[in-house]
Each structure stands twice: as C-alpha cells, then as structure tokens.
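Undergrad: Quick one: sequence and predicted model below, then my questions.
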Amino acid sequence: MTTTNSAFDDSVSFDHRHIDLETRDDVYVIGDVHGCLDSLEALLDTLEVGANDLAVFVGDLVRKGPESKAVLDRVRRSSQLVSVRGNNEQKLLEGEASLPDLDVVDYQYLESLPAAISWDGGLVVHGGLDPSRPLSAHSDEDVLTLRSPDGDGYDGPFWFESYEGPPRVFFGHTVLADPIEREWAVGLDTGCVYGGRLTAYDVRRGEVVSVAGTSHVERSSEKIVTTDSE
C-alpha cells in the first residue's frame, strides 16, 4: 500500500495510514466480511478488481462466519486489498476471543492493521467519529467501536445522523438493513454473516455494489438499523 505524508497526519492521535489514490484506477470500500469467504470472492469477482485497483475493508474480516483464516489469507496476500482493524480483530489481539486455526503470521497481520486509512477527503474506520469532537480528540478505541456517542449502542442516536464532515467517513460495525450513502458518511455493514449482503462502495463512480450473504449467525431485528440514507 502506498503511503504519503499529509496534513491529516498532524491532526489525529489514532493509528492511521494515509494513501495516495492518484495512482489508482478504481477504488472500493468493502463492508464487514466476518469470515464469509464465498461472499467475498463473489463480490471481488463482481467488482473485477484489477492490478491497479484498490479495495479497502472497514474491518471485521474475522469471526462469526466459518472461514476467518481463509479470508485473512485472501486479503493479506493481495496488494490490491487492504484493511483497517475492526473490533473483532481487536478482541483476538486482546485475548477476549480466539480462533484456534489462526497462527503467528495471522496475528502479526492483525497487529499490523491500522485503526484507520485516509486519503484526501476520505477516511475509512470500523466504528465512527463523535461529531462533537475534533479528529484530534479521538483514540484508536473510538474509531474502532464508536456507534452512539450520546446514547446506548443500538438504541441510538447514531454518530452518522449528525456528523457533517469533512472528511467523508466510510464505516462498518453498525449493522444496517441497507447501506447508508450520505454526503459525509457511507455505512457498509449490511449483515453479510446474518443473511444480509456484503456491500462495497465504488469511490470513483459513487455507486453501491453488493452480493448475497449467508446466514451463519442469527441476529435480532432490534440489532439491525433501518434509516434513511440521505
């Protein structure tokens, strides 16, 4: 992944990597995979990710679905695929969860994932940002897990409902009935592992692309957010 120096680097305290999109053709941001390898392969085939394209994942590549290790291998071994760290990767690193088939190389890769990836005008995180605070006041934990800064998780209100940017934030973590596409926030966790869809956002064309997920885990409808995209 190409990294560049940016004024953004001086304005944040969370771990992030800044990338230059000028040298890339198509750029995509992809929602939570959760070990669903078949859906991931179907989406990558649909996108036709080329040698000079880039796909950025919002984290939670692992857990809940059946093929976490295979998903990690698929992403790690491709120079066209990069990811931020999600809360499920963090749980593995902190010992709050385990996947017995992961090895030392897998854990080294998880350790290497940044809390955020940025480019000029864009920011990919797993969780979100608190609209009431500047970027400089956010920690790694904030951008990994933030969902409702003034509420209680899935009871809302959600950070993206009042966030006005910049930058435009691409995020996962909050399971959505449909992707959110707003001026300053794009939500891409559409519940692939719960029988929803695996969703990507085409940054160049401003379009949403998705494929069917598989129901590996049951989820209450109370934990799936339905909201207007605008």
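TA: Sure, I can see it.

Undergrad: Which residue ranges of this protein form strands?
TA: Using DSSP state E, the strands of the chain run over 16-18, 27-30, 54-57, 81-83, 116-119, 122-125, 168-171, 180-181, 185-187, 197-202, 207-212.

Undergrad: Mean pLDDT and distance to residue 68 added to those, as a markdown table?
TA: Every C-beta, even on glycine, is put in place using the N, C-alpha and C of the backbone. Converted to a markdown table, these look like this (pLDDT from 0 to 100; distance: least, CB to CB, whole Å):
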| stretch | mean pLDDT | distance to residue 68 |
| --- | --- | --- |
| strand 16-18 | 93 | 23 |
| strand 27-30 | 98 | 16 |
| strand 54-57 | 98 | 13 |
| strand 81-83 | 98 | 13 |
| strand 116-119 | 96 | 21 |
| strand 122-125 | 97 | 20 |
| strand 168-171 | 98 | 21 |
| strand 180-181 | 96 | 26 |
| strand 185-187 | 98 | 23 |
| strand 197-202 | 98 | 15 |
| strand 207-212 | 97 | 19 |
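
Undergrad: can those go into CSV with extra columns for mean neighbour count and distance to residue 149?
TA: Below are the strands of the chain laid out as CSV (neighbours: other CB atoms under 10 Å; distance: least, CB to CB, whole Å):
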stretch, mean neighbour count, distance to residue 149
strand 16-18, 20, 19
strand 27-30, 24, 22
strand 54-57, 24, 24
strand 81-83, 22, 24
strand 116-119, 24, 17
strand 122-125, 26, 14
strand 168-171, 24, 13
strand 180-181, 19, 17
strand 185-187, 25, 14
strand 197-202, 23, 23
strand 207-212, 17, 26
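
Undergrad: Quick one, which of those strands gets closest to residue 162.
TA: Closest approach to residue 162 among those (CB to CB): strand 185-187, 9.8 Å.

Undergrad: Can you list the neighbours in contact with the closest one?
TA: For strand 185-187, the surrounding residues in contact (CB atoms under 8 Å, 6 or more residues apart in numbering) are 29, 128, 160, 163, 165, 168-172, 174, 176, 179-180, 201.

Undergrad: of those, closest to residue 67?
TA: Closest to residue 67, out of all of the contacts of strand 185-187 and judged by CB to CB, is residue 172, at 18.2 Å.

Undergrad: isn't that closest one right next to residue 56, touching?
TA: No. Using CB atoms under 8 Å as the test, residue 172 is too far from residue 56 to be in contact (11.1 Å).

Undergrad: With adjacent residues omitted, what lies nearest to residue 212?
TA: residue 197 (6.0 Å; CB to CB, 6 or more residues apart in numbering).

Undergrad: Spatially, which two of the contacts of strand 185-187 are the most separated?
TA: Among the contacts of strand 185-187, 165 and 176 lie farthest apart (CB to CB), at 18.9 Å.

Undergrad: ok, those two, which is more surrounded?
TA: Set residue 165 next to residue 176 and count neighbours by other CB atoms under 10 Å: residue 176 wins out with 24 against 15.

Undergrad: And the more buried one, how close does it get to residue 58?
TA: When distance is defined by CB to CB, to the nearest Å, residue 176 is 12 Å away from residue 58.
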